[in-house]
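S.K.: Structure of the sequence below:
(chains A and B)
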Amino acid sequence: MQNYQLNHLDQLESEAIYIMREVAGQFEKPALLFSGGKDSIVLVHLALKAFRPGRLPFPLVHVDTGHNFEEVLQFRDYLANKLGEKLIVRKVEDTIQRQHLTEPKGKFASRNALQTYTLLETIEEFGFDACIGGARRDEEKARAKERIFSVRDEFGQWNPKLQRPELWNTYNGKVAKGENVRVFPISNWTELDVWNYIRRENIELPSIYFAHERTCVEFQNQLVALSEFVQLEPSDKVVKVGVRYRTVGDMTCTAAVPSQARTLDEVINEITVTRTSERGETRIDDRASEAAMEDRKRNGYF
Amino acid sequence: MDILRFITAGSVDDGKSTLIGRLLYDSKSIMVDHLETLEKQSKNKNEDGIDLALLTDGLRAEREQGITIDVAYKYFTTPKRKFIIADAPGHVQYTRNMVTGASNSDLIIILVDARHGVAEQTRRHTLIASILAIPNVVVAVNKMDLVGFSEDVFNNILIDYHALIKDMNFRSVQFIPLSALNGDNIVEKSEKITWYEGVSLLDYLETIPLENAINLEISRFPVQYVVRPQTPELHDYRGYAGAIRSGIYRVGDKIQVLPSGLESTITKIEIGEKEVQEAFAPQSVILHLADDIDISRGDLIVRTEENNQPTLSKEIEAVLCWMDDSKPLAKGNKYLLQLNTRTVRAIVQEVEYKIDVHSLEKIQAPEKVLLNDLVKVKLKTAQVLAYDSYKTLRENGGAILIDETSHTTVGACMLE
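M.R.: Residues are numbered from 1 along each chain as shown, chains lettered A, B, ... in the order given. Sure thing, here's the model as predicted:
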C-alpha cells in the first residue's frame, strides 16, 4: 500500500512553500531579504519551488553593512544572476551619510544595529508591505515567540506583548498603510533541518561554510576574522587556523568555528554532535544582554 | 521521521515550564551555552541549582514576572520523531494565545497538580482542547512526589477527569503519573511509581500513532495563487498553486471549483517543477486542469466523485473565541471572515449563548462578549462560503475574523 505520510523535511518544505505563496497572494509589494547566508539561500530555493516556472513575485533585497564577507557578497551576486531574478542592494554606509548616524566604536565595532535604519529606509523607498526573512524559532528565545506573520508598525517595531493571534494555517496579512509584515517561512526549522535539507536538495553554498585557512584574532575564546574593521591591540593573539563559519553575519560580530570539515557530510557530522548552540558559538552581538534580540526586534530589526 | 506538534497547558504552579525543561534537558536537547546562561540566571534569582522553567520564558516581561504570556515554540528531536512544542500560557487573560498554540496541535499535555486534582484551569484547558478539536490528550499528573506517589490520588484524578470529558470527543486520552522536578516518568520510567504499568511521557510521545492526523478521505484544495509565466515558451502555462489541506488528488480526477460549481479534470500535478501522478495532504502543489475556466485565489477545488462535499452557504453557525481586548463582539458587527485562502465580509446576526468556562454551562443571549469569551454565533456572509464542519474536518472548518479597521485578528471560528 502506498504510504501517505510525509517525512519531516517534506512537511517543513511544504509549509514554507505555502507561506511564501500566501505572501504572493496577499501582498502588493513583497520582498525577500537575501544576505547570501545559508538560511536565506534555502529561502530562495523554496521560493523557486513555490513559483517556478514563473518568475519570483518579489525581488531579492540585501542590506549591505559594508562589513560583509567578500565570498558571501560574490555568492549573493552569482546566485541572483544565475537565476535571473532582481537583486536590490542598499548600503548601510549611505544611510550613515544621509541620516548622520554615529558609527559604533570599539574593538569589534558592529554595524548590526545600524542595519535596521537601512532596512526601514529600503522598505519606505520601495513601499514594501511584506519582507520575507530566514529567521528560525530555534535560534533564540525572543524569536521562539514570534509569529510567522509578524506585524511591524511604521517604525518597524515588534510589540511582543500584543501579537495577533495566529491560528491553523490561516495568515492574516492585513495591515494599515505604512505598516509592514515580516514573514518567516522557516520558523519551524531547526539548524539541523536546514543543513539536512541543503544536503538533500543539493543546494550550493558560499565557500566559507566549509573549512579553510583564515587569520583570526582570539577574543573571549572565540575566533574573529582579522579584517580592516577589527581594531588590533598589541596584546591580541593573532592565529592562522582551519575554520568554517556556522552562521554568516558581519565580519565583526560573527565568530568562526575551528574545523577541518571540508564537505557537507563532514559539516553536518560536526553540527550533529556539537553541544553549543548556533548563535552561542558564533554571534558576539547576542552577548550584550539577556534580552539583546528582543530589544533589537522592538527597534525594527528583522 | 515524522513530526508531532503538541501543546502544553497548565496553570502557574503546575510545573509546566519545568516539565518542558525536563523533556529538553533529559533528551539532551539543551545546548551547553544555554545551560550556562540558565545557571547564571538561576544564581541571579537566588535559587538552588538550575531552574528549568527559565528555559521557556523568552520575553523580559515573562522572566520578570515568572509567567508565560505568549506561546513559545520549542524544538527537539529524538531518533524516532521531531517534536514541535507550543508552550502556551495558562492564565485566563492569555487564553487567546493558548488558542493560537492549540490550533495546530495534534496532542495536548494537560498538567494536573496531584495535590489539587482536577482544577478550574484543568476544566478550561480541556474545554479549549475539545473545542479546538485536538485529537489526543495526555493528562500529566505532576508532583506525584508530594503525595507519596499514591496510586489512590492518581486514580481519583482519573475518575474526576473522565467525568469532565464524558461529553467530549477525544480520540485518545492517556494518564501518566510523574514528577517533572525530579524527572520521574518523563524520559525514563520511574522506579518510585511501581504500580504504574504504562510508559514514560517521552516514550508515549514517540510512539503515539499519527497516521490519522490528516484526513485523506475528503479532498480539499484551496487555491492560493495562479502561476502564469506568460513567456513566449510558456505562453499557455496556467497552474493553480496551493497546499492540499486534506485528501488525495490524482491526474485524471474529475474536479469541481467552489463556490462557482465549474467542472474540469486534473491533467497535471507538479511539486517543485516535478510532475507526479498523485499528491496528498499536506503537500504544496500546482494543479493543471483540462479546461480554461475562471479560477482565482480563494476558490476551493474538490473531487466530484466523493461523498463528502462541503456545505455551500451564506448562513453559518460557529463556536467563536473572541480575541479582541479593546472592543466587544456584538450583534450587527461586521468583519472579514478568512477561511484558508478565501476572505469574505460577514455580519454577526446573533449571539446565541456563551459557554461558562468554569461550569461548562450555556448562558443564553449574553449581554456582552469580551476578550477570551467562548460563544455560539450565527454569521451571515456576503458571498457563499464552501466549508466543512470543524468537528469533521479541521482543515476546512476553522476561520478567523478580522477587524477591517484595526486589521487585527479578533476571533477564531469553529464552523458547524
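
S.K.: burial count for the closest residue to B:Arg171 other than its chain neighbours?
M.R.: Nearest residue to B:Arg171 in three dimensions, chain neighbours excluded: B:Pro135, at 4.1 Å (Cβ to Cβ, 6 or more residues apart in numbering or on different chains). Heads up, the C-betas are built off the backbone N, CA and C, glycines and all. Using other Cβ atoms under 10 Å in any protein chain shown, B:Pro135 has 18 neighbouring residues.

S.K.: Please tell me I have it right and B:Pro135 contacts B:Val173.
M.R.: No. Between B:Pro135 and B:Val173 there is no contact under Cβ atoms under 8 Å: 10.2 Å.

S.K.: For the residue nearest to B:Arg171, give me its contacts.
M.R.: Taking Cβ atoms under 8 Å, 6 or more residues apart in numbering or on different chains, we find B:Pro135 in contact with B:106-107, B:170-172, B:212-213.

S.K.: Out of the residues you listed, which comes closest to chain A?
M.R.: Within the contacts of B:Pro135, proximity to chain A (Cβ to the nearest Cβ) peaks at B:Ala213, which comes in at 9.0 Å.

S.K.: What are the boundaries of the strands in the stretch 201-302 of chain A?
M.R.: Listed in chain order, the strands of the stretch 201-302 of chain A (DSSP state E, counting those that start in this stretch) span A:212-219, A:222-225, A:238-244, A:255-258.

S.K.: among the contacts of B:Pro135, which two are most distant?
M.R.: The span of the contacts of B:Pro135, defined through Cβ to Cβ, is set by B:Phe170 and B:Ala213 at 13.9 Å.

S.K.: circling back to that earlier point, pick out the shakiest of the strands of the stretch 201-302 of chain A, pLDDT-wise.
M.R.: Among the strands of the stretch 201-302 of chain A, strand A:222-225 carries the lowest mean pLDDT, at a mean of 87.

S.K.: quick one: buried residues of that strand?
M.R.: A:222-225 (16 or more other Cβ atoms under 10 Å in any protein chain shown).

S.K.: cool, and stretch A:74-88?
M.R.: A:75-76, A:79-80, A:83, A:85, A:88.

S.K.: And for stretch A:239-258?
M.R.: For stretch A:239-258, burial by neighbour count (16+ other Cβ under 10 Å) applies to A:243-257.

S.K.: Can you tell me which residues in the stretch 251-400 of chain B are near chain A?
M.R.: Residues of the stretch 251-400 of chain B lying near chain A by Cβ under 8 Å from any Cβ of the partner chain: B:271-273, B:280, B:282-284, B:297, B:323, B:336, B:338-341, B:394-395, B:398-400.

S.K.: quick one: which of the residues you listed sit in strands?
M.R.: B:271, B:280, B:284, B:336, B:338-339, B:398-400 (DSSP state E).

S.K.: picking that back up, switch the strands of the stretch 201-302 of chain A over to a markdown table; also include distance to B:Thr126.
M.R.: Conversion of these to a markdown table gives the following (distance: least, Cβ to Cβ, whole Å):
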| stretch | distance to B:Thr126 |
| --- | --- |
| strand A:212-219 | 52 |
| strand A:222-225 | 48 |
| strand A:238-244 | 49 |
| strand A:255-258 | 47 |
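
S.K.: what about those strands, which gets the closest to B:Lys192?
M.R.: B:Lys192 lies closest, by Cβ to Cβ, to one member of the strands of the stretch 201-302 of chain A: strand A:255-258, at 42.5 Å.

S.K.: Could you chop chain B up by domain?
M.R.: Per the record, chain B has its domains at B:2-207, B:221-303, B:311-415, by automatic domain parsing.

S.K.: picking up where we left off before, higher neighbour count, B:Phe170 and B:Ala213?
M.R.: Taking other Cβ under 10 Å, B:Phe170 and B:Ala213 do not tie; B:Ala213 has more neighbours (20 against 15).

S.K.: By mean pLDDT, flag the weakest helix or strand of chain B.
M.R.: helix B:32-44 (a mean of 70; mean pLDDT, DSSP states H and E).

S.K.: what's downstream of that one, the next helix or strand?
M.R.: Toward the C-terminus, helix B:32-44 is succeeded by helix B:60-65 as the next helix or strand (DSSP states H and E).

S.K.: For A:Arg21, see how far away A:Lys49 is.
M.R.: 10 Å (Cβ to Cβ, to the nearest Å).

S.K.: out of the buried residues of stretch A:239-258, which touch chain B?
M.R.: Okay, of those, nothing touches chain B (Cβ under 8 Å from any Cβ).

S.K.: Show me which pair in those residues is furthest apart.
M.R.: Maximum distance among these (Cβ to Cβ): 18.3 Å, for A:Arg244 and A:Thr252.

S.K.: who in the stretch 51-200 of chain A is up against chain B?
M.R.: So the stretch 51-200 of chain A meets chain B at A:51-55, A:137-138, A:141-142, A:144-145, A:160-161, A:163-170, A:172, A:174-176, A:179, A:187-188, A:190, A:192-193 (Cβ under 8 Å from any Cβ).

S.K.: can we see that at 6 Å?
M.R.: A:52-54, A:137-138, A:141-142, A:144-145, A:160, A:164-168, A:170, A:172, A:174-175, A:188, A:190 (Cβ under 6 Å from any Cβ of the partner chain).

S.K.: if we can go back for a sec, of the domains of chain B, which approaches A:Asp236 most closely?
M.R.: It's domain B:2-207; of these, that one is closest to A:Asp236 (Cβ to Cβ) at 23.5 Å.

S.K.: quick one: B:Val226 from B:Leu4, how far?
M.R.: 34 Å.

S.K.: Repeat that for A:Val238.
M.R.: 49 Å.

S.K.: which one of those two has more residues nearby?
M.R.: Set side by side, A:Val238 and B:Leu4 show more neighbours around B:Leu4, with 20 against 10, by other Cβ under 10 Å.

S.K.: Now do the more buried one, the pLDDT please.
M.R.: So, for B:Leu4, pLDDT stands at 95.

S.K.: Spell out which parts of the stretch 51-200 of chain B neighbour chain A.
M.R.: So the stretch 51-200 of chain B meets chain A at B:58-60, B:70, B:72-73, B:75, B:82, B:84, B:96, B:100, B:103 (Cβ under 6 Å from any Cβ).

S.K.: Helices - which of those land there?
M.R.: Among those, the ones falling in helices (DSSP state H) are B:60, B:96, B:100.
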